[in-house]
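Undergrad: With the input below, show me the fold.
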Amino acid sequence: MVDSVGDFEKLLLLAVMRLEDGAYGAAITEELETRTGRSISPGAVYVGLRRLEDKSMLRSTMGEATAERGGRPKRFYNIRRDALTVLRSSQREWDAMTEGLEAMLESDR
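TA: Numbering: from 1, shown residues only. Predicted coordinates for the structure are as follows:
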């Protein structure tokens, strides 16, 4: 099992979790942009998704072909158990490091 992933990979995993069965490239990109307020390159999303599949954090399946996509199917992503383990560990680390710093992190100083 891979025991760590980068920050962008964590964001990808969280977006897939939020979107549940509707997690495909364009929806993931939109979710990331909406929640982070940053412009996200679709290419970066697809590279990251492939990397996470290679690390066994995600699995993908092909959906049905749709007319809106010119008869091409969408690739849907689902989170795997190892990803949940990594995200939980990451959350615990973040919580431990920010403990007692909440006021400083929330202030406008």
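Undergrad: Verify the contact between residue 9 and residue 52 for me.
TA: Yes: using CB atoms under 8 Å, residue 9 is in contact with residue 52, at 5.9 Å. In this view, the C-beta of every residue, glycine as well, is placed from N, C-alpha and C.
Undergrad: And the closest residue to residue 17 other than its chain neighbours, how far from residue 99?
TA: Distances taken as CB to CB, 6 or more residues apart in numbering place residue 79 nearest to residue 17, at 5.5 Å, with adjacent residues excluded. As judged by CB to CB, to the nearest Å, residue 79 and residue 99 stand 27 Å apart.
Undergrad: Give me the more crowded residue out of the two.
TA: Taking other CB atoms under 10 Å, residue 79 and residue 99 do not tie; residue 79 has more neighbours (19 against 8).
Undergrad: most centrally placed residue in the protein?
TA: residue 12 (1.5 Å; CA atoms, centre = their mean).
Undergrad: from what I can see it touches residue 47, true?
TA: No: judged on CB under 8 Å, residue 12 makes no contact with residue 47 at a distance of 10.0 Å.
Undergrad: which ones are touching the residue nearest to residue 17?
TA: 13, 16-17, 57-58 (CB atoms under 8 Å, 6 or more residues apart in numbering).
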